[in-house]
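Student: I'd like to go over a predicted model; first the sequence, then the structure.
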Amino acid sequence: MQNGRTSAALRHLTLGHLKETLRGLERAEGFRAKTGQAALPFGIAALDSLWPEGGLPRGALHEIAGASADAGGFAAATAFTASIAGRLGAGRPNAPVLWCARGHELYGPGLAGVGLAAQRLIVAEARNDKDLLAAMEEGLRAGVLAAVVGEVERIDLTASRRLQLAAEKTGCTALVLRRPGKRATPAPITAASRWRVGPAPGSGAQDFYQIPAARPWRLELIRARCGAHGSWIVEAPDAQGHLRLPALLADRSLGAPVWQNVA
């Protein structure tokens, strides 16, 4: 985020122009989001082994939040979200990503530094969460995007189910990036996974605009549909959006995943 300054490469749209833009993409690309690939691997065995598909399920809704309500937590969550969206091109490096936001706060160089090139972004600006969720659903149903991201402060069970169904139908992955809000505990939602990410203990403050290549994070999988959860120390994404796993800490709660089988 950068106080209203946005890279000139970002394409900003109001909600009124979103449908027209998506229709134009569909005519130009002749592309549907479904690729037959069930998962997006992290490239880290400790993470990929949590899912039978070998990685983060595609065509599903995933929620990402900062581990804290301060700028450092949200910056890390934004970078993690961008790194996933950037690698969801399904073999099409220029496939667009729809980022639904609440203002002119996206910073192109920061996103590019974690694997999401600014020229791939279509930014839809919304006045409130209701309009933002509607834009997300429109993007998911179009089936012409690599991913749809939405910066949401509040989302309920009904809205999350609509997004999940739209993602399942087209195979386009939905990423809900939770903005810090007054509500201490987010309401339950339908999601294939729920993540929290923030600076690792002792790593100091983080600036989204100048993320060092080896800046450590604490990445926590709160809940997954497969029943897995766990916590890891990882290095921030590189310019291709890939995480790296440093030497595991001796503390099991930080270094090893917790697996639970569910019926």
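Tutor: Yep, that arrived.
Student: do I have it right that Arg162 meets Glu137?
Tutor: Yes: using C-beta atoms under 8 Å, Arg162 makes contact with Glu137 at a distance of 5.8 Å. For every residue, glycine as well, the C-beta is placed using N, CA and C.
Student: so is Gly150 in a helix, a strand, or just coil?
Tutor: strand (DSSP: H, G, I helix; E, B strand; the rest coil).
Student: count the neighbours of it for me.
Tutor: Using other C-beta atoms under 10 Å, Gly150 has 29 neighbouring residues.
Student: any idea of the pLDDT on it?
Tutor: Per-residue confidence (pLDDT) for Gly150: 96.
Student: look up how far Asp131 lies from it.
Tutor: 11 Å (C-beta to C-beta, to the nearest Å).
Student: pretty sure Leu132 contacts Arg102?
Tutor: Yes: contact criterion C-beta under 8 Å: Leu132 and Arg102 qualify, at 6.7 Å.
Student: who touches both of those two?
Tutor: Taking C-beta atoms under 8 Å, 6 or more residues apart in numbering as the contact rule, Leu132 and Arg102 both touch Ala126, Glu151.
Student: these two: who's more crowded?
Tutor: Ranked by neighbour count (other C-beta under 10 Å), Leu132 and Arg102 place Leu132 first, with 24 against 17.
Student: what sits against the residue lying closest to Gln240 once chain neighbours are set aside?
Tutor: Distances taken as C-beta to C-beta, 6 or more residues apart in numbering place Gly115 nearest to Gln240, at 5.3 Å, with adjacent residues excluded. Gly115 makes contacts with Ala82, Ser83, Gly86, Arg87, Pro237, Asp238, Ala239, Gln240, Gly241, His242, as judged by C-beta under 8 Å, 6+ apart.
Student: that'll do, ta.
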